[in-house]
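Asker: Here is the input, now give the coordinates:
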Amino acid sequence: MTFQLFICVLRTLFYQFFFIFVAFTVGFLLNAEYVGWKSNVVLRSYNNIFHPINFEDPGVLQCLYGNGRLKIFGVMGQYKDLEIIEEAMMAEEWYWVKFTYEDKNNNKITEIDKVRIRWKPWEYYFDEGKKMTEEELREYIEEGTLNSRESDRAFRLMYELKDMEREKNK
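Answerer: Now for the predicted structure:
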C-alpha cells in the first residue's frame, strides 16, 4: 500500500514538472527574441555586479586611452602630422591628452584637450546608501583614484592648459 502511494506521488510530481517544462519551452519558442534580449541584459547586469572590471586590470587603461583618442581625434583627418606627447586618465573617467600638430601654414601647434569616457555601467555608481568605514575612508584617501599617478599626470596637464589659456588672454 505504501509503495503504491509512493509511486502515485512520484508520478504526479513528474507530470507536474514535465508540464511546467513543456510550458516554459513553448513560451521560449514563441517569444525567443524577447527572452534572448532580456537574457543578455540580465547576464551583463550579473557580471557588472558580481564580477566588475577594475581600473587596475591589465588592458583597461590602454583601452580607455584608445577610446579617448577616438573621441578627440576621430579618424585623425582633422590634424596634419599629429603627435601625442602625453596622455593621462583622471578619476578613471577623464581622458587628458597633450599633442602637437601642423596647421595649414605648417606651424607646429601644441594643444591640450580632455574628454569624459563613461565606461562604467550604472551598477558601479549604485551604492544603496552604504557608509564607508574609517579604514575604507583612510584607504580611499591614501590610495584612491584621485591620488594615483595617472590623476597626478592629468592634473599637471590641466594646470598646463590653464597656463596656456592665461598666456593667450594676455
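
Asker: which residue ranges form the helices in the chain?
Answerer: 2-30, 32-50, 60-73, 134-143, 149-169 (DSSP state H).

Asker: looking at those, which one has the lowest mean pLDDT?
Answerer: Among those, helix 134-143 carries the lowest mean pLDDT, a mean of 72.

Asker: domain ranges for the chain?
Answerer: Recorded structural domains for the chain (assignment: automatic domain parsing) are 2-50, 60-169.

Asker: deepest of the helices of the chain, which one?
Answerer: helix 60-73 (a mean of 16; mean count of other Cβ atoms under 10 Å). Glycine gets a C-beta too; all of them are placed from N, C-alpha and C.

Asker: what helices or strands is that one leaning on?
Answerer: Helix 60-73 is packed against strand 80-90, strand 94-102, strand 108-116, with contacts defined by 3 or more Cβ pairs under 8 Å, 6 or more residues apart in numbering; DSSP states H and E.

Asker: same thing but at 6 Å, please
Answerer: strand 108-116 (3 or more Cβ pairs under 6 Å, 6 or more residues apart in numbering; DSSP states H and E).
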